[in-house]
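Participant: Please work out how this folds:
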Amino acid sequence: MPAPHGSGSVDDRKASSSVPVLSPAARRLLRLYHGGSFIFLGLLWLLIGIPSLWALRVDLGRLLNYFTWTGLRYALFYRPGWPTLGLLLCVSFTTGILIAQSRYELFGLYPVERVMLEQQSRWILSFPVRHPLRRWLVRAPQDPQDLAAKD
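Facilitator: Got it, this is the predicted structure:
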């Protein structure tokens, strides 16, 4: 008996689509983009987020003891400055990256993104052999998906 429409996991739906599978080099480049975005986010929080929180420590301590929405508004918007802008920058980048990652996990890549990744991986593979990006893209497959694509 056939399964009703809409059943199955997200991975089943992504695997059954008629869109071609990424090449191993493009898949590695996508993993590099994802890893790089989280490294960037970590560095952003270390270099800007923590000092911003430290500069707002008096207001945040007051909010921990007596939280009111008016106190939060006062701490962030009526005393604006670099700490508020730094915290806003960190929170907005975190939100944007998490939404982008969730969209990728739920719906996969758009066809335009797939073509872009394939083109960029071919361009990187045209670099000299000693280039670090090229060496990273052509190293031995360790990912189970890479091993399955190789078979």
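
Participant: what residues are up against residue 93?
Facilitator: Shown here is residue 93, whose contacts under the criterion Cβ atoms under 8 Å, 6 or more residues apart in numbering are 40-41, 44. For every residue, glycine as well, the C-beta is placed using N, CA and C.

Participant: Among these, name the buried ones.
Facilitator: 41, 44 (16 or more other Cβ atoms under 10 Å).

Participant: State the next helix or strand along the chain beyond the helix ranked longest in the chain.
Facilitator: In the chain, assigned by DSSP state H, the helix with the most residues is helix 82-107. Where DSSP states H and E defines the elements, the next helix or strand beyond helix 82-107 is helix 111-125.

Participant: Name the residues that touch whatever helix or strand comes next after that following helix?
Facilitator: The first helix or strand that comes after helix 111-125 along the chain, using DSSP H and E, is helix 132-137. Residues from elsewhere that reach helix 132-137 (Cβ under 8 Å, 6+ apart): 25, 28-29, 32, 121, 124-125, 127-129.

Participant: Alpha carbons of helix 132-137, as CSV, please.
Facilitator: As requested, the backbone C-alpha atoms of helix 132-137 are provided in CSV (Å, rounded to 0.1, in the frame of the first residue of the first chain):
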residue,chain,number,x,y,z
PRO,A,132,45.0,25.1,1.0
LEU,A,133,41.4,25.2,-0.3
ARG,A,134,42.2,22.9,-3.1
ARG,A,135,44.0,20.4,-0.8
TRP,A,136,41.0,20.6,1.6
LEU,A,137,38.5,19.9,-1.2
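
Participant: quick one: buried residues of that helix?
Facilitator: Buried residues in helix 132-137 (16+ other Cβ under 10 Å): 133-134, 137.
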